[in-house]
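A.B. asks: just a sequence and a predicted model for now, questions to come.
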Amino acid sequence: MTRQPTPLAIAAGERSPRVLFDAGKGTLHISGESYPEDAAAFFGPILCALQEQLNEAGPPLQVDLELVYFNSSSAKALMNIFQILESAAARGRQIAINWHYHPDDDTMEEFGQDFAEDFKHADFRVVPRE
Amino acid sequence: MMSQRLAEAYYGFKCDQDGKGAILSYSGFVSESILFSLGETLRRRVEHEDSDQNHTKRLFSVFVEQVQNVIRYSAEQLPPRNPQETPLGSGLIVVGMEEQAFFVVCANTITLQQKEQLEARLTALAAMDKDALRAVYRKKLKEPPEEGSLGASLGLIEVARRSSRPIEFDFLDLQEERFFFCLKVFV
């Protein structure tokens, strides 16, 4: 019997996103705004948890991102997350990522399109919100 | 008598700021919490008269990147007192309006070495069009940060991407290898 890891849950802050990573269910949600004081410190535990869980074989992972604004330090952290996801997908893990954006939000749409180009193995989709 | 002269002096100070189109200005040591509070005030102020969300977000983004650069790269720093605190950097922040367009001016003291680096970087960015900026942002995003940078190269590219006119910058020699660096960005 395998032990189910405890989900990583971070409530939304004034300037940091809500994060929920449930490795047992195979879901990762990040939503809101992101310009924390120290982006490396904020995203560090998420990167660690992902790295740990994606190292071994496991269920498919469904990632949903619903960001409305992020600063350049957070962009760097997102890129680190994407690199972990893409390399896990390259090793055979089934990973689907949805980049949700408000249909009127040009900046978030453009970021989604740019990030999409970096994926070859994971299924990255840019999805306008209803 | 005394109080009248006092009011006069600061009314002059206020009028000078108003004359430069300032809707918000701050001078002194800047903390991350000041960034947050000024940013919230700015959003409220702008949403009040500008219904274009994309425009407000571009302005906010330029504001955040510029203010974080003051905090991180000002040559006048106040170190943290404990591990929970982040360092403070001294500088000037002005958000204003000129000819119906919003601008963000940030200024701070820098060293000669920073000046040389910034001048080269900003000159290159100012000459790029939106597609070139988008491409260089994507490239930088995948690279490890440069020496002495906490991610500033990416921040400046973000600023240039969101600006509606070529970015303006200038350096004033303060002697002894110190410079007053000023960056003005219209959104």
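C.D. replies: That came through fine.
A.B. asks: right, is stretch A:63-73 up against chain B?
C.D. replies: Yes - applying CB under 8 Å from any CB of the partner chain, one finds stretch A:63-73 touching chain B at A:69, A:71, A:72, A:73. (Each C-beta comes from the backbone N, C-alpha and C, glycine too.)
A.B. asks: which of the residues you listed sits closest to chain B?
C.D. replies: Comparing these against chain B with CB to the nearest CB places residue A:72 closest, at 4.2 Å.
A.B. asks: can you report how many residues neighbour residue A:98?
C.D. replies: Residue A:98: 15 surrounding residues under other CB atoms under 10 Å in any protein chain shown.
A.B. asks: isn't it right up against residue A:127?
C.D. replies: Yes - between residue A:98 and residue A:127 there is a contact under CB atoms under 8 Å: 5.1 Å.
A.B. asks: residues contacting residue 41?
C.D. replies: Going with chain A. Applying CB atoms under 8 Å, 6 or more residues apart in numbering or on different chains to residue A:41 gives no contacts.
A.B. asks: please go with chain B instead
C.D. replies: residue B:24.
A.B. asks: pretty sure it is in a helix, no?
C.D. replies: Yes - judged by DSSP: H, G, I helix; E, B strand; the rest coil, residue B:41 forms part of a helix.
A.B. asks: what's the distance between it and residue B:16?
C.D. replies: Distance from residue B:41 to residue B:16, counting by CB to CB, to the nearest Å: 21 Å.
A.B. asks: also residue A:116?
C.D. replies: For residue A:116, the distance to residue B:16 - CB to CB - is 48 Å.
A.B. asks: what about the two, which has more around it?
C.D. replies: For residue A:116 versus residue B:16, neighbours defined as other CB under 10 Å are more numerous around residue A:116 (14 against 10).
A.B. asks: let me know the pLDDT of that one.
C.D. replies: Looking at residue A:116, its pLDDT reads 96.
A.B. asks: contact partners for it?
C.D. replies: Contact partners of residue A:116, counting by CB under 8 Å, 6+ apart, are A:99, A:124, A:125, A:126.
A.B. asks: which stretches in chain A count as helices?
C.D. replies: For chain A, applying DSSP state H gives helices covering A:39-55, A:72-90, A:106-116.
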